[in-house]
Each structure stands twice: as structure tokens, then as C-alpha cells.
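**Student:** missing the sequence, but the structure's below:
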């Protein structure tokens, strides 16, 4: 980051979370670092158990980190927050949840759900209904009067998720953490919810962490994409680069396994090599080594570093280590 | 031919009787329980009107018989029994209500605090709960009451309240723990809500039913405890309650003197009051948890379809004809599948795609006779090889299932019994169909595991030792065990990660080709389906709106819904451009749909045609049909052209908000 520029909205450095006791603990998030610039969407991709939701909940302070730092707009966020400081923090970081059927209290009408963040953060004006109305209209629920008195069971899945987005917007946050916001929705309404979030980013300069297991969706939404495997960041870079030319074998596997609506009718055959490992029994080196088609003895020598590939694209794989590349080409030439 | 008459099923509006209060008054248990309680309350309230005597005056002769002055005679101490009984209701009810409230309050406070704060608070409270649960109740009360003997009614209430909360606290704690995991609690926390507000505004109201049920349970406990305490003389026997009446009747030998009613009246009343509380407890529980109350809706009989003819030319393996399926709800019938006809050829993989609520799973469940109430087949027929599936008796069905067809569900991993070894579960279906030879069973199990790509060592594992993908493979192996001709797979890989999904799909495809079985593959993921199916059927609002070979559907989707749906998947390659989804939502399936169900959301709709004519299916190309009037030869081509032209201009606004959601 060049000096004197606008600080990144979010900067996490070696973020770590261990669940359970220290001896038998499970490392759910293993020293993950990334940043999100103002007005940027970072897609966070991974399979279940990769730690992507845990990262969101760490940033949202629903869990407290075991190690590492979180900086919000250049300010460090303490690991322990409470009372007024926590409330103040919440104003800046809001979250959109996966399942809009579960994330709205079935007993409260939309008005109540949206009035709370305004009141808690002291943003409520005299005519709070007008404020709620404009929030609803910003998320495409117009006319607001149709929706303001409804309770969640009277709304469709897409409408509920829009209410969830409106709740996240109410406090005018700097950062929105969207945890699989479309995966519980029907295909036909996913795009419109994604478009809404893109519009909000474009018009209001919001920064977003967009968590998903759907590569195509991540490519559609994100400026940059980060790929997680077993709690470890394995690849990060510009969205198009990461999806079109994945540089980590795991990202390549994910891409070949994903359904490709536009790739014709011939599915790619993938090498069947096991499943995501148990976080308790991770190998000492690269976590992907047991499944990797390119695995070699050096992969067991400890966690590889992130190798820069230019254009902000990095991958945690020794295939990009110049020494290994030289060695492999020598072997290749010799055989 | 079916006799399903559209609109024949009355669809009552959601009325007050479907509110909780309405259901309370229609539930026989709650009405009877509340009625009993009301009688006792009125007795207590109007005691001074109903009897001229004080319950404690000793002015009469002992053991007087029934008379006009003393309808129930007098006690050994010369008190009027009717007066004692009526006034006794007051204190008995007071103890029940107040001790019940106190115990409920403590249950709620401890249960919620334990669940919300967790950690050491939870551990401490849990230990306390366990201690109170382990201590035998009545002896504890006796010991406690012994210290406060003769102090009036309040010490009794306090003692009962403080000893009766633990069970409720445990129940409420587990309910609150479940609630705490819900996303809306996390959402409230992220909004900045404090703990008190989260507990009292977000969590507590969602537990109201359970708390009310808990109160009646605690009140029952309180009334019985008071009676027990008084009867053995530990309470304050100078008070007039039904319990002390029993005590005195016992002490003064009422039965020996022939005054049996002195015992029977309070005894029976305590039992009835207890019954009333217990009924209210059940009723409130049932109302707040509708899952407990099901199964009382009347099932309509399936309208008789035409007799199944012998297998016709074309020889489809499975032939579904005009199948209609509905869910019977208190508000009317939700017609989830609407006269769907579909054939599956031998060896074919038929993909069934559609969004949630389109009826794809209902169709599969109904066709395989797995539909549970409130679902019911309303008409149509299903023929598998030579069997009329819907007409089979349960015994015949049992023989056909697994041997002729089998089913794999989305959540089928939870179908595996956690305490049985995988081997036994694989053997199970084969043994049920007569294979008993151990060597044969073992050989077949190995063969199956080889087919679906699982290592043999897992045969002797327990389900929890397997990953989700492995478990789903086991379930597929079991489905293959008896070499059925057809397997219905309902979202078999949706719960799995993409890589595992891809591996399993490859295996399914290989097995199918090797064994020549037919598969109906149901999923919402159209892009997956076109890759692997022979033919794809697209469902929308209970109808099959398009049916075509996969490559044809992919290259030339005919129905606007299919076209728009395919466009709803962001691409994995090429430049990034904004795409739009399909605004709006499907129509309510509990209402009659006139014309095309997709009309509201269609970009190529033809007003005056699509929303007027009864839906029909048209042939678009060889082997491709679509339920769309764009392919209706009787519709003038200028109307079609202008509809298609208008779809190419920017998205038309969805003018009307579609019908209300089904609740």
C-alpha cells in the first residue's frame, strides 16, 4: 500500500483460530492474511470445513481470534471487545447470512428488524418509517409500504434475503461480510441478489467479503478471489486470473469439478483422489499434498510460502518455486 | 384418463381458526382441560355464594349425614364438608398457580442464562440442575417443609417452587441452546444488540409455547406435592386445602365412619385438577409444535385411473400418466404436481430439474409410493415394467421395492443406522429379499463397493467413521444391491462439496452404463444436469414445462423459463457482463392457475393468450416438447413475433406482484 493513500477497509494479518483445548485443538483458520480495499469485493472460495465462515465470524467479532491482527480502515481491532466499544465496532462491520429463512426472527416484522440497527447506533431520525422505507427501496423492495409490516414467513426467499441485506446496510457500514448469501436461494433469483450487491458496491463504495463455494458466482461478483483449503489460504489474485488460469493444484481441481454451464456437454474427468482431510490429522507440509496430482517429497517439508506470480496473483505451491521448476525441468530433460 | 376436476378442491381462506388461539379452542384436549380448570376456579371464586358456612367453623355435630343444610354432611370435627371443599379449591389453586409460576420463572431464568452465557455459567447451572434432578423430590420437600412447619401457605409455595424448577430448566436450556445457534441470534448480535435484549426480545418469545406448557407441568407438580405434603401432615394442616382435607379425613377415620365422600371428593378433585393441567400442558405443546399434531387430515381417495394396459409399444420402463399430487393443509390443498406424464426408457438417465417447490421431489416420492401424509396422490397412474405401482398392496410393494426400483435421497447419509456396521446395512436389503448365504452376501457386498469406489475395509466400519461422500456412496451401493431396473436419485449430491460431487457423479454414470439401469436424477442444478443426462425434464409450478434430449435442451432451449434459467448461471469463462435472473416468484400452488404458470415472470409472454388458454404441451422439434404457446400453431405468428421482439428490448418490468406465498 503506497503511503498517504486511503487505507484498506480491512486488513487481516496471520489470523488464526483454534477451536477446543490447546493440546487437542483444531486449527480452523491457519495464519490467513489478506486485505480488502475500499469499494472492492473479495471472493473467499472453499469447500465446507475450509474455514471461510469462521473467518467471517472472526472479522465480525462473533468469535475472538486465537492469534493475528485485524485492522479496520487502518485501525487495529483488539481481540477482546465489549460494551460500547463492541457496539461502535459493529457499526462498521455488518454481515449477511446464508439462510434468509434462519437469519430473520420469525416473530418480528420487517419494521422492527430494520429499526433496531438504526436505534442501536443512534442513527434513527424522527421519521424512522421513512428511513426504513428508503432502506427497503435501496434493496429493491418497492413500494416499501408493501413490506414494512410483513413478517419473514410472509416473504419469499429472495425478499427475505433483501431484508437481510437492508439490515446490514442500515448502520451504513464500511465492510459487509456476506456468508454464502445466495446459496440458499433458488437459481433464478440468485443473480438478482448478486446484482443488488454489485450495485451497492458500485454506487456506495462498499467493501465486501463474498464467501461462496461456487466458483462461477465468485467470478461474477468479485474483484479478487482468495481460495482456502483446510484453513489455509492457498491462492489469491484478480478474479478472472484465478478462475481462468488457476495456479494452485487445488484451485485447478475445484475448477475442473465445478459444473460449467457454458462449457458444452462434455464433463471434465477429474482424478478421484480423496476428500477434504480431517482438520485434526493434517499433514505436516502442504495440506493438499495427499490429494495433489503433482505431489513430491518436497511438499512434506513444511507449509509452502506464497509465491508471487505477478499482477497481485500469488499461490502457495512449490511448483512456482524457481529451484523446484529448475529441478523438474532437469529431470524432465533427463528422462 | 383421470377425474381430477380443476377447482374441485375447496381452498378456504386462512381464518382465525388457524391462529394459535383458534387451534387451542379446536383441540379437544385443551378444551376439556380448560373447562375443568374453569369449573374449579369458579368454585373457589364463588365459594361464599355457594355455601353460607365458613370452612373452619367447628359449630356443627360430627359426621352429620347429607341434609338440606349440609348437602355433604360434616366432618369429624364438625365442619361443613361442602364449605371445606369449595374453600379448599382456593388454596389448592393458589398453590398450583403461584408455585407453578415460581418454578417456571426459575426454569426460564436458569435455562436461558445457561444457554446464553455458556462456558462456566452453563456448567455451574447444569450441575445445579443435575443435583436437583437426582435428589428425590418429595423427601426433599419434606425435609425443607419440616423447618417451616405451621407457617401458613407461603412457605409451602416457596418450598415447592424451589424444588420443582429443575426439569423445566433442563428442557428450556436445550431449547434455548438450539435457538442460540440460529442465524437470527447471530444477526442480532452483529447488529449490535446487547445480551439482555437478545435473550428477552429475540429468544424468549420464540419459546413462549414451551414456557406455557412448562407452567402447566409445574402447576401439576405443585398441586400434587401440596396434596402429598398435607396428607402426611408436613404442611400447615390448619389451612383448608384439598390436601389437608385428606389429612383430616384419614386422621379421623372417615372411611371407618362411612363418610367415604370426605375422602373421595378432595381426592378425585386433585386428580381432576392434575388431569386438567396435564391436558393443558400437552395441548399447548402440541399447538406450539405443529409437528406433534399431524395425521388427522382426511386423505382423499385417489381418483380411479383407467386400468393399466399391457406394456405398450415403445416399452418405457417407467410410465407416469397424468399424475396429480397434493398436500392437504388446514388451509386447503396445495397442488404440487399437476397431471404430469413422463416416460423413462430402459437404461436412460432422465434429469428432472426445477427450483424449490416446483414439485420435482413430490413427483418422485409419489411415483415411488413414498409420499407421506399430508401428501396424497389425487389422480393418475404409474406403471413400472408390468406393475401398477399405485395399486400395489403394501406387501406387493415391499417385494417390488429394492428389487425393481430403489431410491437415494439428498439426506440419505442420515439413513444409515449409526450403531450398525456398514456390512450389516448392506446385507439388510438383500436378506429381506431372500439372500441369506453369508458367502454370497459378502461377495455381493465387495462387488458393490468396488462399483461405487469404496475400499473394502469400510465394510466393517461404522457410519461415523466415514466422510459424507463415503456415506453417500454406501447408500448408492445399497440401492444397487438387488440390481433394480430403476433408481430414483433425489438431489443425491447437493449436500456434498463440488469435488466429491463430481467424483460420485462419474461413478453413478459408469455404473449405469455398466449395468444398463435407468436413473431419474433430480436436482435444482440445471448446469450439472445437462452434462450428465440423456433427457432433461424441466418442472415449474407442478408442471413439466419442457422435455428434451440434454444436448437439444442445452443448444436450443424452447421454453422461456428454460432459457431464462440457463441464463441465470454466471459463466465460468469469457468476459464478465451483467446478467439478470428471473424476477418474481412462482405462483401459489394452492390457488387455481389459469393459463401458463410462468406468465407473470415470462419475458416473452403474450397477454390474451398465455393467461387465458388452458396450458397445453406442444411439440417443438423431434423428441422436444414445451408447454408454451409460442409453439401453438393456432396462435397467430404476429402475436408471437411481437412477444419475442419485446423480450429483446430491456427487461419488461414485472407489473404485478405475484400471488401470495404459501405459508
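**Tutor:** Alright, I've got the coordinates. None of the values given here were measured: they were computed from a predicted structure. Numbers count the residues shown, from 1 in each chain, chains lettered A, B, ... in the order given.

**Student:** Strands along chain B, start to end?
**Tutor:** Assigned by DSSP state E, chain B shows strands spanning B:318-329, B:332-344, B:349-353, B:375-384, B:387-388, B:405-408, B:486-490, B:518-523, B:535-540, B:543-549, B:618-621, B:624-626.

**Student:** Can the first one be said to contact chain A?
**Tutor:** No: no part of strand B:318-329 sits near chain A under the criterion Cβ under 8 Å from any Cβ of the partner chain; the closest distance found is 13.9 Å. Glycine gets a C-beta too; all of them are placed from N, C-alpha and C.

**Student:** Report the contact partners of residue 41.
**Tutor:** Using chain A. Shown in contact with residue A:41 (Cβ atoms under 8 Å, 6 or more residues apart in numbering or on different chains): A:197, A:198, A:201, A:207, A:208, A:209, A:210, A:221, A:222, A:223, A:224.

**Student:** I was after chain B.
**Tutor:** B:89, B:93.

**Student:** and what of the one 10 residues further on?
**Tutor:** When the contact criterion is Cβ under 8 Å, 6+ apart, the partners of residue B:51 are B:80, B:82, B:83, B:86.

**Student:** ok, and the closest non-adjacent residue to it?
**Tutor:** residue B:83 (4.4 Å; Cβ to Cβ, 6 or more residues apart in numbering or on different chains).

**Student:** Thought residue B:49 was touching the one you found, still the case?
**Tutor:** No: contact criterion Cβ atoms under 8 Å: residue B:83 and residue B:49 do not qualify, at 11.8 Å.

**Student:** Have a look at these two and say which one is more surrounded.
**Tutor:** For residue B:83 and residue B:49, the more surrounded residue by other Cβ atoms under 10 Å in any protein chain shown is residue B:83, and the numbers stand at 23 against 8.

**Student:** Output the below-cut-off pLDDT ranges for chain A.
**Tutor:** Flagging of chain A using pLDDT under 70 yields the residue ranges A:1-4, A:21-23, A:261-276, A:332-335.

**Student:** let's see it at 50
**Tutor:** Scanning chain A with the threshold set as pLDDT under 50 gives A:1, A:335.

**Student:** Ok, chain B next?
**Tutor:** B:1-16, B:291-298, B:304-313, B:651-663.

**Student:** ok, now with 70
**Tutor:** B:1-20, B:137, B:145, B:148-151, B:288-314, B:411-413, B:649-663.

**Student:** hmm, back to that, and the residue nearest to residue B:51, how far from residue B:123?
**Tutor:** 52 Å (Cβ to Cβ, to the nearest Å).

**Student:** Please apply the same query to residue B:373.
**Tutor:** For residue B:373, the distance to residue B:123 - Cβ to Cβ - is 43 Å.

**Student:** For residue B:180, which non-adjacent residue is closest in space?
**Tutor:** residue B:115 (5.6 Å).

**Student:** ok, now residue A:7?
**Tutor:** Nearest to residue A:7 is residue A:74, by Cβ to Cβ, 6+ apart, at 3.4 Å.

**Student:** contacting residues around that neighbour?
**Tutor:** Here residue A:74 is in contact with A:7, A:8, A:11 (criterion: Cβ under 8 Å, 6+ apart).

**Student:** any idea which element the last one lies in?
**Tutor:** Following DSSP states H and E, the helix or strand that holds residue A:11 is strand A:10-19.

**Student:** So that strand, near chain B or not?
**Tutor:** No: using Cβ under 8 Å from any Cβ, strand A:10-19 stays clear of chain B, with a minimum separation of 13.8 Å.

**Student:** Partner strands of the helix or strand just after that strand and their direction?
**Tutor:** Next along the chain after strand A:10-19, taking DSSP H and E as the criterion, comes strand A:26-36. Note on strand A:26-36: by DSSP bridges, its sheet partners are strand A:10-19 (antiparallel).

**Student:** Same question for the partner strand: list its buried residues.
**Tutor:** Neighbour counts over strand A:10-19 (16 or more other Cβ atoms under 10 Å in any protein chain shown) mark A:10, A:11, A:12, A:15, A:16, A:17, A:18 as buried.

**Student:** contact partners of it?
**Tutor:** A:25-36, A:51, A:54-55, A:58-59, A:63, A:65-72, A:74, A:175, A:207, A:209.

**Student:** and that strand, how far out from the chain's middle?
**Tutor:** Here strand A:10-19 is found 13 Å from its chain centre; the criterion is Cα atoms, centre = their mean, to the nearest Å.
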